[in-house]
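> Predicted structure and sequence below. I'll ask about it afterward.
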Amino acid sequence: MTTHTSTISANLSIDTALEAARAEQWLQSLFLLSGMAALTYQICWQRILFFSFGTDIESVTIVVSTFMLGLGLGALIGGWAADRFPAKIILLFALAELSIAGFGLASPYLIPVVSDQFISSGRGAMALANLLLLLVPTCLMGATLPMLVAHFFRIYNSIGVSVGQLYFVNTLGGAVGCMAVGFFGFRFLTLKEVITAAACINLVVAVIALFRLKEARTRVAS
């Protein structure tokens, strides 16, 4: 009887490990795609700002500094949300991706409008307005990493492994996104079409995450 019980427990442990591995694989794939979209936005928003500031250090500084600041603030927000709503991490991740997609689709129109509104106030005011505007999506991008790290920590019980794997796939996605935009995107598509493609990636990530979340809840209910 004891041996039979041990066998059942071992089988359950194997099933749990396999389920965790599957969760790891699809989430890593989604985070890779998220990284591709994020760096695509960075390059495209840089080009949009070129029309307002010219091809100079100001536009580069705005986008790079905004991304760094947004990712940092977003990481704090994402960590807080993961601690406060541990059972809703995947839902929050999907909502963040949906919000990024929405901003991305609006950005080719929104950024020039903001620049035009502050152009008479000087370059400093225009730079600050665009920085505050771009903080919205960059904070959402930064929030996704700590949320998924918290989710992966449940699987591995190792913060080093969780951060390392997710940061690797996200950075790899960013590199792939940069190459795709530089070598193919701007060669065959317009700037708005490239941004639309990035937004579609975010939408796909969000839809798949919501679908897998619903699937997991169905399994638990059954």
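Nice, I can see it.
> So residue 99 versus residue 36, what's the distance?
Relative to residue 36, residue 99 is positioned 17 Å away (criterion: CB to CB, to the nearest Å). Glycine gets a C-beta too; all of them are placed from N, C-alpha and C.
> Just the element for residue 135, please.
With secondary structure defined by DSSP states H and E, residue 135 is part of helix 123-156.
> Please compute how far that helix lies from its chain's middle.
Going by CA atoms, centre = their mean, to the nearest Å, the spacing between the C-alpha centre of helix 123-156 and its chain's C-alpha centre is 8 Å.
> same thing with stretch 76-86?
A distance of 15 Å separates the C-alpha centroid of stretch 76-86 from that of its chain, computed with CA atoms, centre = their mean.
> Find the least confident helix or strand in this protein, judged by mean pLDDT.
The helix or strand of the chain with the lowest confidence, counting by mean pLDDT, DSSP states H and E, is helix 2-53 at a mean of 71.
> Which elements pack onto whichever helix or strand comes after that one?
Counting by DSSP H and E, the next helix or strand C-terminal to helix 2-53 is helix 57-84. With contacts defined as 3 or more CB pairs under 8 Å, 6 or more residues apart in numbering; DSSP states H and E, the secondary structure elements packing on helix 57-84 are helix 2-53, helix 89-118, helix 123-156.
> most tightly surrounded among those?
For those, the stretch with the most neighbours on average is helix 123-156, a mean of 20; neighbours defined as mean count of other CB atoms under 10 Å.
> What's the mean pLDDT across it?
Per-residue pLDDT values over helix 123-156 give a mean of 85.
> how about a markdown table for the helices and strands packed on helix 57-84, with distance to residue 163 added?
Shown next, in a markdown table, are those (distance: least, CB to CB, whole Å):
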| stretch | distance to residue 163 |
| --- | --- |
| helix 2-53 | 12 |
| helix 89-118 | 15 |
| helix 123-156 | 6 |
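> Of all those helices, which one comes closest to residue 212?
helix 2-53 (6.2 Å; CB to CB).
> Around residue 177, how many other residues sit close by?
Number of residues near residue 177 (other CB atoms under 10 Å) recorded here: 25.
> just checking, it touches residue 32?
No: with the criterion set as CB atoms under 8 Å, residue 177 and residue 32 do not qualify as a contacting pair; they are 9.5 Å apart.
> got the contact list for residue 204?
residue 33 (CB atoms under 8 Å, 6 or more residues apart in numbering).
> if you set the cut-off to 10 Å instead, what comes out?
Taking CB atoms under 10 Å, 6 or more residues apart in numbering, we find residue 204 in contact with 30, 33, 37, 97, 101.
> Tell me how far it lies from residue 36.
Counting by CB to CB, the gap from residue 204 to residue 36 is 11 Å.
> cool, residue 175 as well?
Between residue 175 and residue 36 the computed distance is 9 Å (CB to CB).
> How about the backbone phi and psi for the residue nearest to residue 185 when sequence neighbours are not counted?
In space, residue 185 comes closest to residue 194 once its chain neighbours are excluded; the distance is 4.4 Å by CB to CB, 6 or more residues apart in numbering. Its backbone dihedrals place residue 194 at phi -70, psi -40, with angles given as degrees, to the nearest 10.
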